[in-house]
Each structure stands twice: as C-alpha cells, then as structure tokens.
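Asks: Take this sequence and fold it.
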Amino acid sequence: MTERKGCIEDIIFYNEENGYLVAAVSDESGEEGIVTGNLPMAREGSTYVFFGEDMIHPKYGIQFRFDSYKEVVPETESGIIAFLSSGAVRGIGRKTAELIVARFGKETLTIMEKDPRRLLEVEGIGEKKLEAIRESFGKHIELSAIIMFLQENGISTSYAGRIFRRYGDQAVSLIRENPYRLADEIWGIGFRTADNLAEKLGVGRDSRERIRACVKYVLMLEAGNGHTYLTLEELTQKTAGLLELSSEEVEDVLQPMAIEEEVRIERLDGRVCVFLMSYYEAETRVCSDLIRLIGEEHRPLFADVEGLILRAESQMGIRLEEQQIRAVESAANNGVCVITGGPGTGKTTIMGTIVRMFAAGEFEIAVAAPTGRAAKRITETSGFEAKTIHRLLEYSSLGEGDEGMYFARNEESPLDADVVIVDEASMIDILLMQALLRAMKPGSRLILVGDADQLPPVGAGNVLRDIIDSEIVHTVQLDRIFRQAQESLIVVNAHRINKGEYPYYNEKDKDFFFLKKGGDQRILETILELCRTRLPAYYEGLDPVRDIQVISPVKKGMTGTIHLNQALQEALNPPREDLAEKQLGSRLFREGDKVMQIRNNYDIAWRRIDDFSEGEGIFNGDIGFIHRIDPEMNEITVIFDENRAAVYDGTRFDELELAYAVTVHKSQGSEYPVVVMPMTWIPPVMATRNLLYTAVTRAKQQVTLVGDPSVMNQMVDNNRITQRNSGLKSRLRVFLDFEI
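Replies: Numbering: from 1, shown residues only. Modelled structure (predicted):
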C-alpha cells in the first residue's frame, strides 16, 4: 500500500449517502491525478493523505484507489483560508475566511475549536452566525474523529455518515461502551464486524453484550433459512459454538433478554422455543387477524352467487368446472379462503371470475402478488391491474436502508379494498403476511391463491402451507388438468412430479426434453450450445438472451449459477471494444448483460424511454439489461421491461447480479418461454421433488433438462420437505381446538 498527499481541486463525482468520491487532486509540486474511494463530507480545497494503490482504468487511465485516508490540517494562512471557504464550515465564505485569518492567523483553527466565542471579534460575525459556524465546524471535527476511530479499528469509512447521523457527537463514546450496538442499529454492519471491533477494543470473550448480540445474530441467520424460531437447545448450541463458550453461559443471558423483550421464550408443540420478538409478534398477529377476518360479518353480494357466476362466464366466454365453481363460491361465502392447485388447473380463470363477481356488486377490489414480476404476469394474463403487496401497502422510506422502511397502510390507515386477492401466496413470508393483514379493514375478504406444492418463501415462515394444514381456513384444492393444458408435457409432467411419478420426455412435437450427458464439463458445454445456437435455430424468433432462462438448483460448482453466469456471459455477450465494463470484486458487468434486481428497492427512480414519464421502484427478481456503464460517474443504467431506465450509483451495485442463470428460488413467481436446467449431483438436502416441480413450472413453451436422468428420478423420489420451525399452524390449531 502506498500513500499520496493531495489537495482536492475538483470533485468529479460524489455520492452523499456513502461518500464515494471521484476527484482531481494536486500535490505540493502541482502534479495532478485522480483519486477514487469513500470520503464522507469531501470538500474542494481540503488536503488529505490517501492510502491505496494505483489502478489502470481501461477508459480513464491511471487512478489512485484509496482504502483509507487522514485529513491534513492546513498550517499556512492561505491553506486555512482555502479550507474555511471550501464549504466545509457553513456560514463562512471567502471574505469571512480572510477576515477570520487576518484576526487570528495560524491559530485560527485552534481558536475555532477551543474558544469559538472569540469569533465575535471578527467584523460581520454576530451571535446567530457564530452559532451556525460553531455547529458546522463541530460536526466536521466530530465526523473526522469518527472516521479516524473507524479506520484505526478496521471498519469501512463508508459507514461514518450513518454512524454520525445516528449518534452525533456521542458516537465514539457510545461505540466504545458497547460496540455491538452497531450490529443492531447501523444498517449494513453485522455481528461479525461488530465482534471484530469489540475484540480490538478489549471487550471480553464472555461479555454479556457479546453473547446477547450473538444470540440475535443466530436467530436472524436462521430466519434467513426460513425459521421463525429455534428450540432452546438448538439456539444455545449454535451460539455457544460460534462464541466458543458453554451452553450454560448462553442460557444465563437468555432470561434477561426475555425480560427486556428482545426474545420470547415459550413452550410450543412440547418444545421450549426462542423467538426474536419481531417474529413472535408477527406469528401471533397473523393468527389473531386471520381469526378476526374469518369471524367478522361481511357485506353480502347483491345477487345469488350462482347467477353472478353465470354472468361472469358469459362475459369471459367460458364454462366453469365443478371444482372451479366451488372455489368461486368459497371466495363469496368466507372471510378468508385459500384456492390452491398446480399448473393448468384454472387458477387464473377462477381469479377472473371472482373479480368480475365482486365488481358486479361494486365492491372495491385489490389484486396483488409478493413480487413485481408476479404482479406483472397477473396483469398480462388476466387484464386486471395487479400490484406488489409492498406497493399496495404503500411501503415507504423513512431513511436509508431497510431500517427506515415502513408500511403506510395499517390498522390506522387501512386499505379501501373490500376484497383482497393475492396470487402466488406460497411466496408470502410471515412478516409480509402480518403487514397485509394489519392493513385489511374490518369486514373485508381475503382470498389467497397459490400452489402450495412449490418451494416455501425465501423469508421466514411457511404461511400458505401452515394456513392450509391448520384446517381453520376454508380451502379448495384444484387437481383437475384442463384439456388444453393436457396437451403440454410441461403441465402433465409437473403433476406427475408432484405425485411422485417420473416425467415423460423426448416425445415428438412435445415441449419437454432430456439430453443425457455425462460429467459437469459436458453438461456445461451442452447448455452453452443450447443457448447460443440450437434452441434459437429450432424456435424461430427466439432470443437467446431474453427468451431462454437457465435455472440451477445451486450457486456453486461448474453448473451452479455463479459459474454458469460467467460462461453464458462469455458465450452470449463477449467483450468488445465498444462495450464498457465494470469490475466489482469477482463480478464483472458489461453493457448488454442480462441482470436481476435481488432486493426490493421502492426508492430507485426510473424513466420510461418512450414518453419520458417517471416513477419509482425496482423489485426483487425484476430482470433487465445493462444499457450503459459510466465509469467516471460510477453509474450503471439498466433497462427493465424494455422501456424503464433506472440508474444505479455505487451504493446500489450490490443490488444487481448477472441473470443468464438464476437459482430455482430466484425464479419463483416468474414465467419464461424456455427453461434449461442442469441435472447433476447436488446436495441431497436440495435434491427434492418440490424444487424440481418449481423449476419445471416456470416454463411456458419448452423445458430442456441436461445431464443424468437418475438425478431427476432421485429428485422425484425425494419427497422430503425441509421442515421449517414455524408456530403459525400450532397457534391456529389451538384456536380451532378451543372452538371445537
């Protein structure tokens, strides 16, 4: 690592949120250069010593990329004037800076820090202006102290602004007192980072604060694996293992945590279980709100249901089958109902009928789905406008990161809808279900539509399955495949897989194929060949990038999404001189790349290409294409839906990943013309029937599996569903038993 001292002459690009900077600097000899890195509250005229390395940018040449820095306090009078008039101190311009330095000389900065009231001796500075100067200069000193403290202890200075906004001038003392508070209160800082800091600050390995932080860390990790709780034994063992302490030492901390309502300890299904309070409250709230909706009196329809169904059938030019009629009647007669079934069983038709039935009675209707791509598909297939659940509930930002997000629609400001229909309900986790139910007004109806045999949600809980298994909600199971759907082997095989039967494939003029290949290298080569030439040649007009989706069960390995994306990028969008690139660690983005948004972002702005109208929000799972990479501004422009352009700055690059290949979980809620999937060894815990079923049902036009048929057969045979620790079914069951 080398160092470079320089004065910032020109700020080319600056991001206020994380302090990312591209700036022109000059050293004492007047030699100029470009520096890049995180520097909160950067100002032209300020001098720093930067620590980093020279990097050669393919377009902009040599740049000095710094990882850390220290501010150089100006010592000359001209340097002090330049610093004060740079904008670093509010209320001081060039003229005032010259007057202050004329009065105090080289002692100016010391006086401003130690005895700021002496500034009243300067012409033009009164009490009001003094207060503004003192506050601004004080913030500058405090932030500098925080930055130095973070750098000395190995924490990125990109967090400095967030920490200062949270703690103000008490930041360093509060962090020294309890470094683990950073993991709880600063978005982006986790337990590991806080623990490393704590060790450097001399916090004991058996500190109660360390154990408390690790307990919450373990519970959050397991929530990421789908569990709303851990048993007491599981939690103490996992936490003790991470901390290299005894289970007894962990248990000693749990009781105070429960008293302070950081966790909830209760006996559930004969086991002592420990919840983070947010998940305990979500489960209990979902249970009580479902029971409320079921038991409330609902506004009746203006006519008999049979007549309304006939009217809807006439409008749609269809005739419903008996199961479908029962589903529609269930929606009309119950406060909450579930309609579940696989592909080809008519769920979309049922939803259309239900909407028309309630619309005829002038009910306010809302149609929603957990993801943006699922909502878009509902709109395209049904003709009814659908929103994401987050958008329906007006998810808004109070500040940066998820810590500042909230739902504007709740019990105090409920939805106007009399009927809420949610498709792809298998994807709803417990926290999202809580938010939805909180926003439903008394007497409204909730209709959950989905395929309970698909993978459970990415988030914690197993809401749809728990509701069905509790038997407290009226449920209609659709199992008849309609004649048109029977012509598709995709649909037929989906149901065969679900019943534990091996799929049919390679039948003439059908849509389900299996290419038998041995070895991961041969499988990879075949997938590349299919995407690059064979499938586009077979299907006229098929775009190899836009219309073919490779889906893999895993991320790692030769046929995992990480390596597949790199190989497909090279095959379908190879480097060219006219295509700009952006290297981000091990990831490389190139203009023209297919990318996916991997978290909901309701604040990112977009503009339509056709009419220049604007909006906000790009959602988890949305797929787009990189239109432009601007290295100088550190920006990537992505086009979604072929019409919406969104600009990502350096703080949001981690929200994008290549999407030539995606995991089965990431494909949930989407449909693609053609799906290609490797069939090679994967960990047995993942080689399950419902994973294969979910992948196959993503395809509309064709499925091609590549590899070893025995792997597919093993997945069909393996009906093991990973058990999730979820208390919702038990809570609903308790109510049902009480009623009985």
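
Asks: Now do the contacts for the residue nearest to Pro684 when sequence neighbours are not counted.
Replies: Distance criterion C-beta to C-beta, 6 or more residues apart in numbering; nearest residue to Pro684, sequence neighbours excluded, is Asn718 at 7.2 Å. Where you see a C-beta, it was placed from the backbone N, CA and C, and this is true even at glycine. By C-beta atoms under 8 Å, 6 or more residues apart in numbering, Asn718 lies in contact with Pro684, Ala687, Thr688, Arg689.

Asks: Just the buried ones from those?
Replies: Buried members of the contacts of Asn718, counted by 16 or more other C-beta atoms under 10 Å: Ala687, Thr688, Arg689.

Asks: from what I can see the second one touches Val716, true?
Replies: Same thing as Thr688. No: here Thr688 does not reach Val716: they are 9.5 Å apart, not a contact under C-beta atoms under 8 Å.

Asks: for this protein, longest helix please?
Replies: Ordering each helix of the chain by length in residues (DSSP state H) puts helix 127-152 first.

Asks: and that helix, how far out from the chain's middle?
Replies: 34 Å (C-alpha atoms, centre = their mean, to the nearest Å).

Asks: Give me the angle between the helix or strand following it and helix 127-152.
Replies: Per DSSP states H and E, the first helix or strand lying C-terminal to helix 127-152 is helix 160-167. In terms of direction (axes from the mean of the first three to the mean of the last three C-alpha atoms, to 10 degrees), helix 160-167 departs from helix 127-152 by 120 degrees.

Asks: Check the spacing between the residue most central in space within the chain and Met351 real quick.
Replies: Centroid-nearest residue in the chain, with C-alpha atoms, centre = their mean: Arg599, separated by 2.3 Å. Distance, Arg599 to Met351, by C-beta to C-beta, to the nearest Å: 28 Å.

Asks: Same check on Gln315?
Replies: Counting by C-beta to C-beta, the gap from Gln315 to Met351 is 14 Å.

Asks: Between the two, point out the one with more neighbours.
Replies: Met351 (24 against 13; other C-beta atoms under 10 Å).

Asks: Now do the helix or strand where that one lies: everything it contacts.
Replies: Per DSSP H and E: Met351 is located in helix 347-360. For helix 347-360, contacts defined as C-beta under 8 Å, 6+ apart pick out 301-303, 305, 308-309, 311-313, 315-316, 318, 320, 324, 327-328, 331-332, 339, 341, 365, 367, 378, 381-384, 418-419, 421, 423, 447, 449, 451, 478.

Asks: Could you tell me which ranges of the stretch 301-450 of the chain sit under the pLDDT cut-off?
Replies: For the stretch 301-450 of the chain, the stretches with pLDDT under 70 are 397-405.

Asks: need the strands for it, in chain order.
Replies: 336-341, 365-369, 386-388, 395-397, 405-407, 419-422, 445-450 (DSSP state E, counting those that start in this stretch).

Asks: What residues of the third one count as buried?
Replies: Within strand 386-388, the residues that qualify as buried by neighbour count (16+ other C-beta under 10 Å) are Ala386, Lys387, Thr388.

Asks: residue boundaries of the strands in the stretch 151-300 of the chain?
Replies: Using DSSP E, counting those that start in this stretch, strands in the stretch 151-300 of the chain cover 229-231, 263-268, 271-276.
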